[in-house]
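Q: Fold the following.
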Amino acid sequence: MTADIRGRRALLAAAAGAAVLAPLGLWAWPEEDDRNRPADGTVPTDLRSRDPRATPAARRVYALLAGLENDARRGRPSRTLIGQHVELHNERYNPKYGDHRGTKQPGYYYRKARDITGRLPAFVELDLGPGYGHPGWAVGESRPYSRAWTGCARQWGYVDDAVDLAVGVWAGLPRPAGDGSHRPSGAHTECASGAEVSLPHNGGGPAGVVGLSFHQPYPGSPVKGFAQTMHRDSPAARDPGWFTRVVTEGTAEHGALLYDLGFLADHLGYLADQGVPVLLRPYHEMNTAPGKGFWWAGQDPAAFHRLWRLSYDYLVNRRGLHNLLFVWAPNSWDGRYGRTPHPYYPGGRYVDVVGVDDYSDRPQRPFGGGAWTEVWYRGLERYDRPRAVTESFHVPLNAAQPDTLSRTPWVLWTVWGQSLTYDNLSEPTGRNTGDDVKRTYGSPRVITGGNERNAGFDFRSLHKSQLG
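A: All right, here's what the predicted structure looks like:
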């Protein structure tokens with residue numbers, strides 16, 4: 001069991017207590033103050049309203065998500081991209097992770113969905129941090145974009161696997177040898193360990209949409225592991241002025257932040273060079289109660305805005321990354337572990353998709369007394385952005401809640417890592433059954449991945465279609 005999962009179990013226990021204490025009507029959010037909001041209550045459909053230099057591929061992905069959101073807002077039939085988060089560092093190096101004892105080939109849980117249902121996820125989110133408890137940022141084999149970072153480092157090859165799998169989901173695995181990417185075959189020998197590594201084949205053509213999360217250890221952390229992402233293990237737990245220095249130019253702490261963002265940007269730049277648009281989800285769960293969660297959580301909202309906006313400026317304006325869709329994802333605001341997130345919203349000029357990491361309820365016991373996930377879905381409606389479940393232990397369609405996507409037609413729903421098949425919830429009713437997964441992946445309301453005939457959407461259209 002990873003520290004991450006232990007923390008999420010604690011979160012769930014706290015939220016379960018809150019579920020019986022807080023009524024649904026507790027949260028009344030002020031209206032979103034962006035002036036470019038469409039008058040009819042729909043969301044903008046052109047990514048250039050946020051980034052005039054957005055790549056055509058990023059614009060097509062955003063147009064897909066915005067179209068699904070607008071269908072739902074207009075009461076038309078809509079569909080949901082089913083997603084799978086992939087914890088590559090755990091798959092590669094943690095033998096106790098998931099439903100198979102022993103280390104696993106990268107993309108194990110991406111492939112697991114197909115093993116169960118015959119279909120792949122339509123969206124795959126990969127972690128580019130943390131590392132697996134080793135000092136400093138590192139990579140596997142050195143590449144042109146990664147020569148600033150230690151190469152051939154033990155238990156850092158998963159970073160190479162992450163960017164290779166991202167290209168493979170977007171463009172297909174295997175790919176033509178001359179396509180310009182680093183490993184078209186998806187297979188290689190890891191230089192640090194000699195292990196044979198093979199990414200899952202997915203049909204050799206466009207197979208889905210890609211996202212990255214960045215579980216960033218605190219700036220200046222000598223060790224890049226999950227423990228160093230937590231508030232309790234960061235300087236913020238002991239020094240109330242530390243976070244302010246992180247977001248203040250000219251300080252050593254700010255320099256350390258930019259150093260970390262440089263690691264992220266170098267890898268995102270490789271994906272940009274390969275034409276891969278990325279849903280980037282930084283600094284998630286920022287509305288967690290003070291002293292809990294990640295080092296960036298529970299801070300003064302104005303300081304958090306500064307963190308988000310300076311990171312945006314570094315990636316988009318200073319590094320020229322226009323292949324990005326920015327995803328703002330608070331924790332479920334259950335009144336105890338998660339607080340009202342609105343003060344933390346950095347503004348529509350910096351956000352493309354809004355979502356929720358939902359660990360406060362479950363299908364058998366929806367939070368707030370309404371339909372499962374409805375409190376979060378309605379709460380995010382005021383934002384003129386596509387809405388997503390960005391993390392959940394559960395697939396959306398299951399025996400307890402077979403009509404979730406009819407009542408709350410999220411544009412995207414991402415299942416967290418090993419929870420696709422592994423009991424993370426410490427109770428018999430908490431696990432996705434094989435029937436739940438099959439029900440979800442076989443639903444006409446769900447878009448699945450791959451380019452086989454039974455796939456739910458032709459992802460080649462995101463490559464071939466043209467926008468003016």
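Q: Which parts of this protein are helices?
A: Secondary structure of the chain by DSSP state H: the helices cover 3-19, 56-73, 88-93, 108-117, 157-171, 242-246, 252-273, 301-312, 374-379, 404-407, 434-441, 460-464.
Q: so which of these gets nearest Val389?
A: Taking CB to CB, helix 374-379 is the member of the helices of the chain nearest to Val389, at 7.7 Å. Using the backbone N, CA and C atoms, a C-beta is placed for each residue, glycine as well.
Q: on that earlier part again, please name whichever of the helices of the chain is nearest to Asp233.
A: helix 3-19 (10.1 Å).
Q: So Gly225 is in contact with Gly136, correct?
A: No: checked against CB atoms under 8 Å, the pair Gly225 and Gly136 is beyond contact range at 11.2 Å.
Q: If you count surrounding residues, which of those two has more?
A: Gly225 (20 against 14; other CB atoms under 10 Å).
Q: Please list all residues in contact with that one.
A: Taking CB atoms under 8 Å, 6 or more residues apart in numbering, we find Gly225 in contact with Pro130, Gly131, Tyr132, Gly133, His134, Pro217.
Q: Excluding covalently adjacent residues, which one is nearest to it?
A: Nearest residue to Gly225 in three dimensions, chain neighbours excluded: Gly133, at 3.7 Å (CB to CB, 6 or more residues apart in numbering).
Q: Now do the one you found against Trp156, distance only.
A: Using CB to CB, to the nearest Å, one gets 11 Å for the distance from Gly133 to Trp156.
Q: Over to Cys191?
A: To Trp156, Cys191 is 10 Å away according to CB to CB.
Q: Common neighbours of the two, please.
A: Gly140.
Q: more crowded one of the two?
A: Using other CB under 10 Å as the criterion, Cys191 and Trp156 rank with Trp156 on top: 25 against 15.
Q: I'd guessed the more buried one sits against Ala192; true?
A: Yes: using CB under 8 Å, Trp156 is in contact with Ala192, at 7.3 Å.
Q: Quick check: closest non-adjacent residue to Leu412.
A: Ala388 is the one closest to Leu412 (CB to CB, 6+ apart), at 3.8 Å.
Q: can you pull the contacts of Ala166?
A: Counting by CB under 8 Å, 6+ apart, Ala166 touches Val124, Leu126, Val210, Leu212, Leu271, Val276, Val278.
Q: would you list those in a markdown table and tack on neighbour count and pLDDT?
A: Converted to a markdown table, these look like this (neighbours: other CB atoms under 10 Å; pLDDT from 0 to 100):
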| residue | neighbour count | pLDDT |
| --- | --- | --- |
| Val124 | 28 | 98 |
| Leu126 | 25 | 97 |
| Val210 | 26 | 98 |
| Leu212 | 24 | 98 |
| Leu271 | 23 | 97 |
| Val276 | 23 | 97 |
| Val278 | 27 | 98 |
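Q: And Asp164, how far from His188?
A: Taking CB to CB, one finds Asp164 at 8 Å from His188.
Q: and those two? which has more neighbours close in?
A: The residue with more neighbours, out of Asp164 and His188, is Asp164; 26 against 19, by other CB under 10 Å.
Q: Glu125 versus that one, what's the distance?
A: Taken as CB to CB, the span from Asp164 to Glu125 is 15 Å.
Q: same thing with Val276?
A: For Val276 relative to Glu125 (CB to CB), the value is 13 Å.
Q: Name all residues that make contact with the nearest residue to Pro402 once chain neighbours are set aside.
A: Spatial nearest neighbour of Pro402, excluding adjacent residues (CB to CB, 6+ apart): Arg439 at 7.0 Å. For Arg439, the contact set (CB under 8 Å, 6+ apart) comprises Val395, Leu397, Asn398, Ala399, Pro402.
Q: which among the residues you listed end up buried?
A: Val395, Leu397, Asn398 (16 or more other CB atoms under 10 Å).
Q: Output those in CSV; the columns should cover distance to Tyr350 and pLDDT.
A: Converted to CSV, the buried ones among the contacts of Arg439 look like this (distance: CB to CB, whole Å; pLDDT from 0 to 100):
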residue, distance to Tyr350, pLDDT
Val395, 31, 96
Leu397, 33, 96
Asn398, 35, 92
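Q: List the buried residues of stretch 229-245.
A: Thr229, Met230, His231, Asp233, Ser234, Pro235, Ala236, Trp242, Phe243, Thr244, Arg245.
Q: if we take these, which one ends up nearest to Val316?
A: Phe243 (22.7 Å).
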